[in-house]
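Q: sequence first, predicted model second:
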Amino acid sequence: MKRTLVVGDIHGGYRALLQILERANVTTEDTLIFLGDYMDGWSESPEVLDFLIQLNQTHTCIFIKGNHDELVIDWLEERFENINESMWFKHGGKATVEAYANIDKVKKKEHIAFLKELKNYYLDSENRLFIHAGFTNLHGVEYEYFPKLFYWDRTLWEMALAMDETLGKEDLLYPNRLKIYSEIYIGHTPTTRIGQTVPVNKACIWNVDTGAAFKGPLTILDINTKEYWQSDALPSLYPDETGRN
């Protein structure tokens, strides 16, 4: 049976990525949509990219850009003026820099090429939006003035969390951004911030970032059945590391 599976933020957790693909029994019949943030956190960001580049040769894959992926592109291409190094290192960049210390120039060029091909968002034939963080324009992603918000915005998710659940779509106070798409799949803001380690659904939004960068697991979710599979918690897979904790 063909499935469409969406994967949350990996953050260098290569071992967790292997676990979820195995636990979900992923086959070449499945379409895989990755929501971004492949980098920064645990020690195996280069291994994650190597694996995804190979996976793309055998499977149908869609790769969305995350904010950490843009930071790593800038660093790999030595655009250091775009990076607040102390802030980046605090949020997982240090592990990435250390991991690339033994990666040769040829491999780095392959990774840069992959990262530059990442999509800002993906909209499928059933009007389902897949995006790393969110958008702010009330008419949708095609009208967004500030494309960086596709991978930095948190207002979309915060709005959905704070919204009165008794509101109907016909209500004047119902947010316009939540009327545009049948479903929106995001990462970026871990569900662990609201005490959850599973995907969380608010209004039409499904948040699939279950805190793999921190103390949670990595998650893969079937967008049709809403069944999901998770890795072990990342600290147990990398017991000698801190991730972004």
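A: Structure's in. What do you need?

Q: quick one: residue 146 and residue 136 touch, right?
A: Yes: Residue 146 lies in contact with residue 136 (C-beta atoms under 8 Å); the separation is 7.2 Å. Using the backbone N, CA and C atoms, a C-beta is placed for each residue, glycine as well.

Q: the two - which one has more neighbours?
A: Taking neighbours as other C-beta atoms under 10 Å, residue 146 and residue 136 compare with residue 136 leading, 15 against 11.

Q: remind me, longest helix of this structure?
A: helix 45-58 (DSSP state H).

Q: what comes up buried for that helix?
A: 45, 46, 47, 48, 49, 50, 51, 52, 55, 56 (16 or more other C-beta atoms under 10 Å).

Q: got a list of contacts for the helix or strand bottoming out on mean pLDDT in the chain?
A: One helix or strand of the chain scores below all others by mean pLDDT, DSSP states H and E: helix 85-88, with a mean of 91. Here helix 85-88 makes contact (C-beta atoms under 8 Å, 6 or more residues apart in numbering) with 40, 71, 75, 93.

Q: which of those has the most neighbours?
A: That'd be residue 40 among the contacts of helix 85-88, by other C-beta under 10 Å, with 30 neighbours.

Q: and residue 100, backbone torsions?
A: Phi and psi for residue 100, reported as degrees, to the nearest 10, are phi -90, psi 0.

Q: for it, give its distance to residue 13.
A: 16 Å (C-beta to C-beta, to the nearest Å).

Q: who has more neighbours, those two?
A: residue 13 (28 against 18).

Q: I'd say that one and residue 40 touch.
A: No: Residue 13 lies out of contact with residue 40 (C-beta under 8 Å); the separation is 10.6 Å.

Q: between the two, what contacts are shared?
A: Common neighbours of residue 13 and residue 40 are listed as residue 213 (criterion: C-beta under 8 Å, 6+ apart).

Q: rewinding a little: pull out the buried positions in the least confident helix or strand of the chain.
A: For helix 85-88, burial by neighbour count (16+ other C-beta under 10 Å) applies to residue 88.

Q: put the alpha carbons of that helix into CSV.
A: Output of helix 85-88 as CSV, limited to C-alpha atoms (Å, rounded to 0.1, in the frame of the first residue of the first chain):
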residue,chain,number,x,y,z
GLU,A,85,28.3,32.1,16.2
SER,A,86,27.7,32.1,19.9
MET,A,87,24.0,31.8,19.4
TRP,A,88,24.3,29.1,16.8
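
Q: what's the spacing between that helix and its chain's center?
A: 20 Å (C-alpha atoms, centre = their mean, to the nearest Å).

Q: start at 97 instead
A: Shifting the count to begin at 97 puts that one at helix 181-184.

Q: which is the succeeding secondary structure element to that helix?
A: Under the assignment DSSP states H and E, the closest C-terminal helix or strand after helix 181-184 is helix 190-195.

Q: how about residue 264, secondary structure?
A: With DSSP: H, G, I helix; E, B strand; the rest coil as the basis, residue 264 sits in coil.

Q: other SSEs contacting the helix or strand just after the longest helix of the chain?
A: Per DSSP H and E, the first helix or strand lying C-terminal to helix 141-154 is strand 156-159. For strand 156-159, the helices and strands in contact under the criterion 3 or more C-beta pairs under 8 Å, 6 or more residues apart in numbering; DSSP states H and E are strand 127-130, helix 141-154.

Q: in the first one, which residues are buried?
A: Taking 16+ other C-beta under 10 Å as the neighbour-count basis, strand 127-130 is seen to contain the buried residues 128, 129, 130.

Q: so which of those residues is the closest to residue 161?
A: Ranked by distance to residue 161 (C-beta to C-beta), the buried residues of strand 127-130 are led by residue 130 at 9.9 Å.

Q: for the closest one, what are its contacts?
A: Per C-beta under 8 Å, 6+ apart, neighbours of residue 130: 102, 103, 106, 148, 157, 158, 159, 160.

Q: cool, thanks, signing off.
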